[in-house]
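Q: All I have is the shape, not the residue letters:
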Ligand SMILES: Nc1ncnc2c1ncn2[C@@H]1O[C@H](COP(=O)(O)OP(=O)(O)OP(=O)(O)O)[C@@H](O)[C@H]1O
């Protein structure tokens, strides 16, 4: 049965059947179903991250070295929604990669504050089920073609009972999505044998992560080392992917103004704190209200990343730029944008959703049962959508 001749009423009737068997009324099932179809969110509430750094020469040994704690991230509150592409900006060492690590439960230090995915506190399992993380480095096998690479990784990533024709179809979809059609049968190559270009390698790395069709894609510097044209094309593909209903969060060093136009939301990190986080169109008006308009013919992102950074070339400059950075951080904490964002995050995460309340009210259902109920609904959908 194709999707076209499978009206939505059929899907919900299957779901209703499963839920009715479990003792839920029709209206209760409707509320739960509605929430499943709703926008997905990733919310961070006052997230801070501290790491322990060993200081002093190595010959003093681990025990004798003084322990120094470094605050890498401080008080980060933000919300990302499916259908939006968000860029995390900031100069080197501002904490961009660390924030991705905290979101994806890969951090090695101590994290305070909360990260929620769809109002559930993020755990490694949730991340494994719903997110993909594209790291800075491309680790690909040089002797395989692009298609072979994707077929090989599909075998490892997709469930063991996925048929070969489904795998091939999935690979073809991802190849088209990432614009790899022209190089699909070219060898990836490496340092000895030249293969596809750097931009294409990046696309293959991203394509690998898309095989599982994640709800959320986190990318660390996907455009690093690419020329501006290739970088723009890559971000355009990511924006298209986000607009189809995914949460896309990428870190970026030096975004061009063309890339800026593709973004829905931007966050500027400066020494581990936010100096701005909001809609891309709000960036210039916000800083203009603070007394820092963007000069004509200047890339706004370059300009504000630059203004948010500390210039350590001489003492006077360092004092001046540190004061400006602190002003930006304090102003953003007190801004309407931040206060509103914080309220939204609190409302969304501290008050359980109606659907969740309904499920929780069933005394016999514990947290693991809630997962089972959601899984049953998912499978019911799959059964109806499949033949
Ligand atoms: N586990 C750790 N131990 C010690 N220092 C750390 C650790 N993790 C992060 N840092 C420090 O925190 C700061 C932020 O690092 P992070 O890699 O997040 O920056 P970034 O903005 O991604 O930089 P870049 O753009 O250069 O990749 C750096 O000064 C880094 O040295």
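A: Right, received. Where do you want to start? Owing to the predicted nature of the structure, the values given are computational and were not obtained by experimental measurement. Numbers count the residues shown, from 1 in each chain.
Q: use CA for all of it now, contacts and neighbours both
A: Noted.
Q: per-residue confidence at residue 100?
A: pLDDT for residue 100: 95.
Q: quick one, strands of the stretch 201-350 of the chain?
A: For the stretch 201-350 of the chain, the strands defined by DSSP state E, counting those that start in this stretch occupy 216-219, 247-252, 265-270, 273-279.
Q: In JSON lines, list the ones you listed along with distance to the ligand and mean neighbour count.
A: Shown next, in JSON lines, are the strands of the stretch 201-350 of the chain (distance: least, CA to the nearest ligand atom, whole Å; neighbours: other CA atoms under 10 Å):
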{"stretch": "strand 216-219", "distance to the ligand": "11", "mean neighbour count": "24"}
{"stretch": "strand 247-252", "distance to the ligand": "8", "mean neighbour count": "24"}
{"stretch": "strand 265-270", "distance to the ligand": "8", "mean neighbour count": "24"}
{"stretch": "strand 273-279", "distance to the ligand": "11", "mean neighbour count": "23"}
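Q: TSV please, covering these and showing distance to residue 295 and mean pLDDT.
A: Formatted as TSV, the strands of the stretch 201-350 of the chain follow (distance: least, CA to CA, whole Å; pLDDT from 0 to 100):
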stretch	distance to residue 295	mean pLDDT
strand 216-219	30	94
strand 247-252	22	94
strand 265-270	19	94
strand 273-279	18	94
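Q: Out of these, the one nearest residue 71 is which?
A: strand 273-279 (9.9 Å; CA to CA).
Q: ok, the closest one: who's next to it in the sheet?
A: strand 265-270 (antiparallel) (DSSP bridges).
Q: what residues does the partner strand touch?
A: Strand 265-270 has contacts (CA atoms under 8 Å, 6 or more residues apart in numbering) with 84-91, 94-96, 274-280, 283, 305, 308-309, 325.
Q: Take these and keep only those in helices.
A: 96, 283, 305, 308, 325 (DSSP state H).
Q: Could I get the contacting residues of the first one?
A: The contact partners of residue 96, by CA under 8 Å, 6+ apart, come to 88-90, 251, 269, 272.
Q: and these, which two are the farthest apart?
A: 251 and 272 (13.6 Å).
Q: need the residues of this protein near the ligand, please.
A: By CA under 6 Å from any ligand atom, the residues of the chain that approach the ligand are 51, 53, 72, 91-98, 108.
Q: Leaving out the residues flanking it, which one is nearest to the closest residue to the ligand within the stretch 101-250 of the chain?
A: Using CA to the nearest ligand atom, the single residue of the stretch 101-250 of the chain nearest to the ligand is residue 108, 5.8 Å away. Sequence neighbours aside, residue 51 is the residue nearest to residue 108 in space, at 7.3 Å (criterion: CA to CA, 6 or more residues apart in numbering).
Q: I figured residue 177 hits residue 237, correct?
A: Yes - contact criterion CA atoms under 8 Å: residue 177 and residue 237 qualify, at 7.3 Å.
Q: Could you tell me how far residue 253 is located from residue 86?
A: Note on residue 253: its distance to residue 86, by CA to CA, to the nearest Å, is 14 Å.
Q: how about residue 115, phi and psi?
A: Note on residue 115: its backbone torsions stand at phi -120, psi 130 [degrees, to the nearest 10].
Q: tell me the contacts of it?
A: Taking CA under 8 Å, 6+ apart as the test, what residue 115 contacts is 42-45, 47, 103, 121-122.
Q: partner residues bridging it?
A: residue 44.
Q: Distance check, it against residue 86.
A: Here the criterion is CA to CA. By it, residue 115 lies 16 Å from residue 86.
Q: what do you get for residue 40?
A: Distance from residue 40 to residue 86, by CA to CA: 14 Å.
Q: These two: who's more crowded?
A: residue 86 (27 against 20; other CA atoms under 10 Å).
Q: Test my guess that the more buried one contacts residue 252.
A: No - the criterion here is CA under 8 Å, and residue 86 misses it with residue 252 at 10.2 Å.
Q: so residue 76, which of the three states?
A: Classification of residue 76 by DSSP: H, G, I helix; E, B strand; the rest coil places it in strand.
Q: who's in contact with it?
A: Taking CA under 8 Å, 6+ apart as the test, what residue 76 contacts is 44-48, 273-274.
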